[in-house]
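> Have a look at this fold, sequence not included:
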Ligand code: AGP
């Protein structure tokens with residue numbers, strides 16, 4: 001939800017921190033701040049985006065070779081200058097940046113106030129730095145020990161970096177349930193919520209685990225301990241993230257770039273896993289636990305948001321192609337409803353960021369109950385990727401736009417390959433069907449390319465409905481989850497209220513909403529329910545609704561009835577979502593631009609929901 005970044009080394013810290021915050025801004029953008037130390041502590045923080053901070057600090061002293069930075073998505077306290085991070089201790093010696101929530105902060109605050117501490121902000125983070133100060137001052141402890149003891153008494157989630165004005169040669173960091181990565185450069189070190197701020201300086205990283213504390217000394221290097229004071233030997237990973245993945249590459253927004261990357265990202269997801277010529281699918285993660293997965297009594301798919309929509313498509317895929325019963329759960333519901341989970345179940349966690357708190361918690365629950373945990377994740381080395389028994393990366397590359405697009409089609413591609421592979425192993429699809437599916441799946445990237453060519457036409461349609469206050473998305477079968485996804489895209493970047501519904505369900509209530517002010521986007525590519533969807537469209541038209549239909553290329557019937565149509569190429573029904581979602585992504589993008597919304601950083605949202 002927030003982004004944290006830190007630097008210690010021979011270079012000027014400020015420009016590194018600012019660039020790092022700009023790379024992390026997709027994680028939260030209510031306010032931003034930095035703290036620098038060189039004998040004095042310079043703390044600059046402003047409400048708003050990182051640019052506000054840059055403008056504010058332009059003329060201020062900033063020279064230092066150590067510093068911490070933060071970009072915020074508010075949990076406690078409204079977004080303003082005072083509540084912005086970094087926060088400082090009462091003695092003005094310590095400063096902290098924090099991503100997460102300290103759940104017992106109120107009790108700690110009450111106890112600290114009794115000791116005379118005075119607080120200036122409404123945040124839980126300020127309480128934490130005062131608590132660390134209290135512990136340090138009481139026994140004159142080294143910073144890392146004071147942090148460690150404090151964290152033994154803290155309840156909640158955190159990724160923190162702490163800097164002591166009196167010792168600018170050291171940074172102390174720690175994590176529990178919020179991500180934290182250490183970058184190891186040449187005589188310099190980086191800390192951040194993910195690897196994006198550091199990859200132009202180093203590709204050597206350490207992923208900090210829960211309950212670990214990192215102490216970085218610019219001369220003596222890194223030491224990792226647990227909160228229980230056990231020294232750890234960290235593993236250094238080499239990442240292959242490329243800097244151009246983090247640039248807009250000539251597009252106005254990351255979201256548009258990521259929409260257009262989908263032919264490539266879907267290909268990348270299949271690379272080395274699907275072979276059209278020899279007719280095979282091979283997923284390493286699946287092979288490792290093949291027996292348990294192929295013979296599972298049930299799949300439970302746990303996810304949030306767009307990933308949950310991908311999970312719904314997964315349900316249709318697994319049940320049709322592999323004949324395995326599937327339940328799709330909102331992770332936030334699954335984790336609290338005391339579900340029945342056994343060791344015969346396989347839990348599939350789907351997450352782009354790999355850091356979504358509710359999905360992580362659902363995995364912890366399923367692990368306690370003996371199920372096999374399988375992860376479908378985009379962010380390499382993320383918490384979910386490291387916590388699951390097995391899994392598959394979707395290889396979509398960093399997804400910066402808050403509205404998920406290429407990650408969704410990557411997740412659906414992966415689920416499709418899984419369902420085909422498991423169906424083939426279980427004999428629920430024949431060899432010839434398997435070959436047909438593989439051949440057609442291999443053609444999908446080219447067909448996505450074809451849909452992208454209708455962008456101008458979609459932009460024209462967007463103009464027709466961009467000022468409507470509501471919208472209804474309808475779909476059947478595989479396209480019902482796509483209707484939900486289209487509605488979410490529109491909601492989250494254009495702020496238009498939109499709902500997705502099974503097309504047949506419209507008659508059970510939503511049809512009351514239909515009038516000339518209600519645009520209805522109908523995904524009408526189904527072969528299996530074509531006539532029924534046509535009837536649904538006629539029911540909408542009979543009530544003066546404005547119908548935009550996503551149809552299969554060459555459609556002649558629905559195109560006569562709908563007010564506007566967008567064509568997608570013919571494909572096998574299970575693969576329809578990979579094509580029918582593209583026009584909905586572009587439609588929401590153009591409407592948001594016409595409404596002058598910030599497409600990449602929509603209000604109130606953040607890219608990775610690492611708090612409950
Ligand atoms: C989708 O456009 C949203 N950004 C949001 O719903 C997102 O899909 C959800 O928060 C889940 O995130 P994850 O895939 O990283 O777990």
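Alright, I've got the coordinates. None of these values were measured; they are calculated from a predicted model.
> Does residue 149 touch residue 141 like I think?
Yes - taking contacts as CB atoms under 8 Å, residue 149 lies within contact range of residue 141: 7.3 Å. Placement of C-beta: from N, CA and C, glycine included.
> and for these two, which residues touch both?
Contact criterion CB atoms under 8 Å, 6 or more residues apart in numbering; residues bridging residue 149 and residue 141 by contacting each: residue 135.
> What residues sit buried inside stretch 176-193?
For stretch 176-193, burial by neighbour count (16 or more other CB atoms under 10 Å) applies to 176-185, 188-193.
> Closest to the ligand out of the residues you listed?
Comparing these against the ligand with CB to the nearest ligand atom picks out residue 179 as the nearest, at 11.2 Å.
> Over to that closest one. Which of the three states is it?
Per DSSP: H, G, I helix; E, B strand; the rest coil, the local secondary structure of residue 179 is coil.
> go on, residue 71?
Of the three states, residue 71 takes strand under three-state DSSP.
> before we move on, what about residue 191?
Assigned with three-state DSSP, residue 191 falls in the strand class.
> Tell me if I'm right that it and residue 183 touch.
Yes - under the criterion of CB under 8 Å, residue 191 lies in contact with residue 183, with a separation of 7.4 Å.
> what sits against the residue in the stretch 301-450 of the chain positioned nearest to the ligand?
Using CB to the nearest ligand atom, the closest approach of the stretch 301-450 of the chain to the ligand is made by residue 305 at 1.9 Å. By CB under 8 Å, 6+ apart, the residues touching residue 305 are 404, 488, 609.
> and the protein, which residues reach the ligand?
The interface of the chain toward the ligand, taken as CB under 6 Å from any ligand atom, is made up of 304-307, 351-353, 356, 359, 402-404, 492, 608-609.
> Roughly how far does residue 20 sit from residue 189?
When distance is defined by CB to CB, to the nearest Å, residue 20 is 13 Å away from residue 189.
> just residue 252 next, same as before
The value you get for residue 252 to residue 189, if CB to CB is used, is 35 Å.
> Name the residues of stretch 324-341 that are buried.
Buried residues in stretch 324-341, counted by 16+ other CB under 10 Å: 324, 326, 328, 329, 330, 331, 332, 334, 335, 339, 341.
> Now secondary structure and pLDDT too, for the residues you listed, in a markdown table please.
Putting the buried residues of stretch 324-341 into a markdown table (DSSP: H, G, I helix; E, B strand; the rest coil; pLDDT from 0 to 100) gives the following:
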| residue | secondary structure | pLDDT |
| --- | --- | --- |
| 324 | coil | 98 |
| 326 | strand | 98 |
| 328 | strand | 98 |
| 329 | strand | 97 |
| 330 | strand | 97 |
| 331 | helix | 96 |
| 332 | helix | 95 |
| 334 | helix | 95 |
| 335 | coil | 92 |
| 339 | coil | 94 |
| 341 | coil | 95 |
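> Which parts of the stretch 401-550 of the chain are strands?
Taking DSSP state E, counting those that start in this stretch as the test, the strands found in the stretch 401-550 of the chain are 470-475, 497-502, 519-523, 546-552.
> just for the chain, where's the confidence low?
Confidence mapping of the chain against pLDDT under 70 gives the ranges 1, 75-76, 610-611.
> Is the residue nearest the centre of it within a helix or a strand, and which one?
Taking CA atoms, centre = their mean, the centroid of the chain lies closest to residue 353, which sits 3.7 Å from it. Taking DSSP states H and E as the criterion, no element holds residue 353; it sits outside all helices and strands.
> Counting neighbours, what do you get for the nearest residue to it once chain neighbours are set aside?
Here the nearest residue to residue 353 in space, its sequence neighbours aside, is residue 608; by CB to CB, 6 or more residues apart in numbering that works out to 3.9 Å. Residues near residue 608, counting by other CB atoms under 10 Å, number 27.
> Now do the same contact list for residue 608.
Applying CB under 8 Å, 6+ apart, we find residue 608 in contact with 1, 27, 179, 353, 355, 356.
> Residue 328 too?
In this structure, residue 328 makes contact with 300, 301, 303, 308, 311, 312, 314, 315, judged by CB under 8 Å, 6+ apart.
> Next, the fourth one: secondary structure please.
For residue 308, the secondary-structure state derived from three-state DSSP is helix.
> Bridged to residue 157, which residues?
The bridge-partner assignment for residue 157, based on DSSP bridges, gives residue 101.
> Tell me how far it lies from the ligand.
As defined by CB to the nearest ligand atom, to the nearest Å, residue 157 lies at a distance of 15 Å from the ligand.
> Quick check: that residue touching residue 100?
Yes - using CB under 8 Å, residue 157 is in contact with residue 100, at 3.7 Å.
> of these two, who's got more company?
The neighbour count for residue 157 versus residue 100, taken as other CB under 10 Å, is higher for residue 100 (26 against 23).
> give the contact list for the residue nearest to the centre of the chain.
Remark: with contacts taken as CB under 8 Å, 6+ apart, residue 353 is in contact with 378, 379, 382, 607, 608, 610.
> Can you tell me how far the fourth one is from residue 194?
Which is residue 607. When CB to CB is the yardstick, residue 607 and residue 194 sit 10 Å from each other.
> of those two, who's got more company?
Counted by other CB under 10 Å, residue 607 and residue 194 do not tie: residue 194 has more neighbours, with 30 against 27.
> Verify the contact between the more buried one and residue 380 for me.
No - checked against CB under 8 Å, the pair residue 194 and residue 380 is beyond contact range at 9.8 Å.
> Residue 94 bridge partners, please.
With DSSP bridges applied, residue 94 shows beta-bridge pairing to residue 164.
> which residues does it contact?
Here residue 94 is in contact with 88, 129, 132, 133, 136, 143, 162, 163, 164, 165 (criterion: CB under 8 Å, 6+ apart).
> Residue 563 too?
The neighbourhood of residue 563, defined by CB under 8 Å, 6+ apart, consists of 464, 546, 547, 548.
> so the closest residue to the ligand within the stretch 501-612 of the chain, which of the three states?
Each residue of the stretch 501-612 of the chain has a distance to the ligand, by CB to the nearest ligand atom, and the smallest belongs to residue 609, at 4.6 Å. The three-state assignment at residue 609 reads coil, by three-state DSSP.
> Just give me the neighbour total for it.
The burial metric for residue 609, expressed as a neighbour count using other CB under 10 Å, is 20.
> Give me the number of neighbouring residues for the closest residue to it other than its chain neighbours.
Of all residues not flanking residue 609 in the chain, residue 356 sits nearest, at 5.3 Å (CB to CB, 6+ apart). Applying the criterion other CB under 10 Å, we find 27 residues in the vicinity of residue 356.
> Am I right that residue 356 is in contact with residue 306?
No - between residue 356 and residue 306 there is no contact under CB under 8 Å: 11.0 Å.
> contacting residues around the closest residue to residue 594 other than its chain neighbours?
Of all residues not flanking residue 594 in the chain, residue 466 sits nearest, at 4.2 Å (CB to CB, 6+ apart). Contact analysis of residue 466 by CB under 8 Å, 6+ apart lists 494, 590, 591, 594, 595.
> would JSON lines of these with distance to residue 530 be doable?
Formatted as JSON lines, the contacts of residue 466 follow (distance: CB to CB, whole Å):
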{"residue": "494", "distance to residue 530": "30"}
{"residue": "590", "distance to residue 530": "28"}
{"residue": "591", "distance to residue 530": "27"}
{"residue": "594", "distance to residue 530": "32"}
{"residue": "595", "distance to residue 530": "33"}
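> Which of these are buried? Put it as a ChimeraX command.
This is how ChimeraX selects the buried members of those, with burial counted by 16+ other CB under 10 Å:
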select :494,590,591
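> From the contacts of residue 466, pick the one nearest residue 48.
Closest approach between the contacts of residue 466 and residue 48, by CB to CB: residue 595, at 20.5 Å.
> hang on, that closest one packs against residue 495?
Yes - in this structure, residue 595 sits in contact with residue 495. The criterion is CB under 8 Å, and the distance is 7.4 Å.
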